[in-house]
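Trainee: 3D model of this:
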Amino acid sequence: MEKTNRTFIRQHRPEWLKVRAPGGETYSELKTLMRTRSLHTVCEEARCPNIGECWNSGTATFMILGDVCTRNCRFCVVTSGRPMPPDPMEPKNVAESIRHMKLQHAVITSVDRDDLPDGGSTHWANVINEARRLNPHTTIEVLVPDFQGNLDQLHTVLEAKPEILNHNIETVPHLYARVRPKAVYADSLALLLDAKMQGFTTKSGMMVGIGEKDEEVIESMQDLRKSIVDILTIGQYLQPTPKHLPVDRFVHPDTFEYFKKCGMEMGFMVVESGPLVRSSYHADRAAKLTKV
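Mentor: Numbers count the residues shown, from 1 in each chain. Below is the predicted model of the structure:
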């Protein structure tokens, strides 16, 4: 819908993408809590533009299995390299932090751990189980990697019974080689369908402005509905550093509204679509709307 002006895109962000720098008492308290317990959050690692809003409302997305990823996706700012072994204290630290924050809905994600024989799935289950033990009334949403298409590893996570299984397809199929070179589009759809067939509420997300066309976004949304995904998030891609893929276009808020309208007509239970939307944005609200 919009013509691309690469010179403008590299120099200026439109008004609808400008946010205040994070700060505030709750923000500072959470930052101290994370460092004290040696925890990581995707909010910080991925430089989420909503970190101020979310942290000041007492919401954060825990990132487990360290802060070094075994993959090097061209859109992601998380450090790539050789990770440390999983921290045996992490399940306890995450669970206690959820209790300290008095969260009604907790979101947990991780880096990819292709270096581990089980893809990190056992550690995932340990974190969920400990979080559940200390916080029996908190609903748990997990944003998992693709486990290289290994559904047995997914099942290890699902056996811990999170309320919502989230896995992002991130972009449209023809961009995978450029954006997610070690991922397989069909594997991500199969993972989501498998979780749904086991009775879980499922969720996925996409970013736009990285080289796709609007029609391709709609086609991928249709693919997600074929996998019976319940919740969808769509947000603007922002280039984190000059070394990452450039922004192809800034998608207008009206186009995000169009995506949301199409998604609701397709049958998604919840569609969060907007320039600043990220996978965990308003996750607690989506959980309530789907009555998990």
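
Trainee: Point to the helix or strand of this protein where mean pLDDT is at its lowest.
Mentor: Least confident helix or strand of the chain, by mean pLDDT, DSSP states H and E, is helix 6-11 with a mean of 44.

Trainee: give me phi/psi at Ala125?
Mentor: In terms of degrees, to the nearest 10, the main-chain angles of Ala125 are phi -60, psi -40.

Trainee: which regions of this structure sit below the pLDDT cut-off?
Mentor: 1-11, 16, 18-60, 292 (pLDDT under 70).

Trainee: Now do the helices for it: every range, in order, please.
Mentor: 6-11, 25-36, 42-45, 51-56, 90-101, 121-134, 151-158, 176-179, 185-197, 214-226, 253-266, 283-289 (DSSP state H).

Trainee: Against which helices or strands is the fifth one packed?
Mentor: Judged by 3 or more Cβ pairs under 8 Å, 6 or more residues apart in numbering; DSSP states H and E, helix 90-101 is in contact with helix 25-36, strand 61-64, helix 121-134. The way it works is simple: take the backbone N, C-alpha and C, and place the C-beta from them, glycine included.

Trainee: pull the CA atoms of it into CSV?
Mentor: Taking C-alpha atoms only, helix 90-101 is exported to CSV below (Å, rounded to 0.1, in the frame of the first residue of the first chain):
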residue,chain,number,x,y,z
GLU,A,90,17.2,-20.3,36.9
PRO,A,91,13.9,-22.2,37.5
LYS,A,92,13.9,-21.1,41.1
ASN,A,93,14.9,-17.5,40.3
VAL,A,94,12.2,-17.1,37.6
ALA,A,95,9.6,-18.6,39.9
GLU,A,96,10.5,-16.3,42.8
SER,A,97,10.6,-13.2,40.5
ILE,A,98,7.1,-14.0,39.3
ARG,A,99,5.9,-14.3,42.9
HIS,A,100,7.7,-11.0,43.8
MET,A,101,6.1,-9.2,41.0
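
Trainee: Pull out the buried positions in it.
Mentor: Neighbour-count burial for helix 90-101 flags 90-98, 101 (criterion: 16 or more other Cβ atoms under 10 Å).

Trainee: residues near the residue nearest to Thr122 when sequence neighbours are not counted, how many?
Mentor: Leaving aside its chain neighbours, Thr122 sits nearest to Thr156 (6.2 Å; criterion: Cβ to Cβ, 6 or more residues apart in numbering). Thr156 is flanked by 19 other residues according to other Cβ atoms under 10 Å.

Trainee: Make sure Thr156 is actually in contact with Asn126.
Mentor: No: using Cβ atoms under 8 Å, Thr156 makes no contact with Asn126, being 10.1 Å away.

Trainee: OK, contacts around the residue nearest to Gly66 when sequence neighbours are not counted?
Mentor: Nearest residue to Gly66, sequence neighbours excluded (Cβ to Cβ, 6+ apart): Pro83, at 4.7 Å. Taking Cβ atoms under 8 Å, 6 or more residues apart in numbering, we find Pro83 in contact with 65-66, 68-70, 111, 113, 115.

Trainee: again, only using 7 Å
Mentor: By Cβ atoms under 7 Å, 6 or more residues apart in numbering, the residues touching Pro83 are 66, 68, 70, 111, 113, 115.

Trainee: residues in contact with the fifth one?
Mentor: In this structure, Arg113 makes contact with 65, 70, 83, 119-120, judged by Cβ under 7 Å, 6+ apart.

Trainee: which of these has the most neighbours?
Mentor: Neighbour counts for these, by other Cβ under 10 Å, peak at Gly120, which reaches 28 neighbours.

Trainee: For that residue, give its distance to His244.
Mentor: Using Cβ to Cβ, to the nearest Å, Gly120 is found at 24 Å from His244.

Trainee: Kindly report the same for Pro253.
Mentor: 24 Å.

Trainee: same question, Val277
Mentor: Applying Cβ to Cβ, the value for Val277 to His244 is 19 Å.

Trainee: does the residue nearest to Thr122 really touch Gly120, like I thought?
Mentor: No: with contact defined as Cβ atoms under 7 Å, Thr156 does not count as touching Gly120 (9.6 Å).

Trainee: about what we covered before: for Val277 and His244, indicate the residue with more neighbours.
Mentor: Counted by other Cβ under 10 Å, Val277 and His244 do not tie: Val277 has more neighbours, with 23 against 16.

Trainee: How about Ile128: what's its closest non-neighbour residue?
Mentor: Ala160 (3.7 Å).

Trainee: Now do the contacts for that neighbour.
Mentor: Here Ala160 is in contact with 125, 128-129 (Cβ under 7 Å, 6+ apart).

Trainee: May I have the phi/psi pair for it?
Mentor: Dihedral angles for Ala160 - degrees, to the nearest 10 - are phi -80, psi 0.

Trainee: Thanks a lot, catch you later.
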